[in-house]
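**Student:** Compute the structure for the input listed below.
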Amino acid sequence: MSRDYRETMKIRYAVYARTAAGGPAAAERQITSARAAVAERGDGVIVHEYRDVNVSGSGGPGPGLASLLGAISSGEIDVVVVTGLGRLGRSVVGLNMVLNSIERGSAHVITTLERQ
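**Tutor:** Okay, here's the model as predicted:
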């Protein structure tokens, strides 16, 4: 693959934050961490940022996560960045459903805490 080709194929990132408590400041810390991870990678751009503030991860997707999954299914996002997988869902079943939706949209997840 030539260098010019790689430069034109920027990865489209979305960052997502969910807080059950802590309000907007807690969500902003997660977003800041996710932005830093994307910048560190240096291979793409953040095309969307999503937040669910004061939303439990056990009660199904909040509006931010629902919008994120919609953008993935529309092909707008290649990689989702979160601080940890628990931000996407608190139960194994709920997390599995979200990860399956992301995979069906041909997107991937990376986390800032686990660096995966």
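
**Student:** Okay, residue 25 and residue 19: tell me how far apart.
**Tutor:** For residue 25, the distance to residue 19 equals 9 Å [Cβ to Cβ, to the nearest Å]. Any C-beta I mention is one placed from the backbone N, CA and C, and that applies to glycine too.

**Student:** Which residue of the two possesses the greater neighbour count?
**Tutor:** residue 19 (21 against 9; other Cβ atoms under 10 Å).

**Student:** Phi first, then psi, for the nearest residue to the more buried one once chain neighbours are set aside.
**Tutor:** Nearest non-adjacent residue to residue 19, counting by Cβ to Cβ, 6 or more residues apart in numbering: residue 26, 4.3 Å away. Here is the backbone geometry of residue 26 (degrees, to the nearest 10): phi -70, psi -40.

**Student:** Closest to the centroid, which residue in the protein?
**Tutor:** Residue closest to the average C-alpha location in the chain (Cα atoms, centre = their mean): residue 80, at 3.1 Å.

**Student:** Only the C-alpha atoms, please, for the helix or strand where that residue lies, written as PDB.
**Tutor:** Taking DSSP states H and E as the definition, residue 80 sits inside strand 79-82. This file holds the C-alpha atoms of strand 79-82, laid out as PDB (Å, rounded to 0.1, in the frame of the first residue of the first chain):
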ATOM      1  CA  VAL A  79     -14.100   2.800  15.100                       C
ATOM      2  CA  VAL A  80     -15.800   3.600  18.400                       C
ATOM      3  CA  VAL A  81     -13.500   4.800  21.300                       C
ATOM      4  CA  VAL A  82     -14.700   4.500  24.900                       C
END
